[in-house]
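J.: need the 3D shape of this:
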Amino acid sequence: MEIIKINTPFIKLQQLLKYADVVSDGTDARILIVDGFVSVNGEVETRRGRKIYPEDEILISYEGQEILLKVE
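T.: Below you'll find the model as predicted:
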């Protein structure tokens, strides 16, 4: 699990994936999210603008790999 610290009340999901270096750009983030490879707190999330708050957990499952992020 990778801990991601933010200095704002929330961060949008697409921005978080870029900030955490999971993807290199917004296009890659959009593909992962819209195609259903990203879960927030155990539920698949397809909205790029979903607000992510401290204590949220994000799981990215793609091509046999899983990345778990926890926001603080």
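
J.: list the contacts of the top helix by length along the chain.
T.: Ranked by residue count and defined by DSSP state H, the top helix of the chain is helix 26-34. Outside helix 26-34, the residues that touch it by CB atoms under 8 Å, 6 or more residues apart in numbering are 13-14, 17-18, 22-23, 38, 45-48, 60, 62. Where you see a C-beta, it was placed from the backbone N, CA and C, and this is true even at glycine.

J.: any chance of these in TSV, with secondary structure too?
T.: Converted to TSV, the contacts of helix 26-34 look like this (DSSP: H, G, I helix; E, B strand; the rest coil):
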residue	secondary structure
Leu13	helix
Gln14	helix
Leu17	helix
Lys18	helix
Val22	coil
Val23	coil
Val38	strand
Glu45	coil
Thr46	coil
Arg47	coil
Arg48	coil
Ile60	strand
Tyr62	strand
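
J.: next one: Lys70 from Glu43, what distance?
T.: As for Lys70, its distance to Glu43 is 16 Å (criterion: CB to CB, to the nearest Å).

J.: the more surrounded of these two?
T.: When neighbours are counted by other CB atoms under 10 Å, Lys70 comes out ahead of the other of Lys70 and Glu43, with 14 against 7.

J.: who are the contact partners of the more buried one?
T.: With contact taken as CB under 8 Å, 6+ apart, Lys70 is in contact with 1-4, 55-58.

J.: any idea of the pLDDT on Val44?
T.: pLDDT for Val44: 97.

J.: can you count the residues close to it?
T.: There are 12 residues near Val44, going by other CB under 10 Å.

J.: now it: how far from Lys5?
T.: Using CB to CB, Val44 is found at 25 Å from Lys5.

J.: repeat for Gly26
T.: The span separating Gly26 from Lys5 equals 21 Å under the rule CB to CB.
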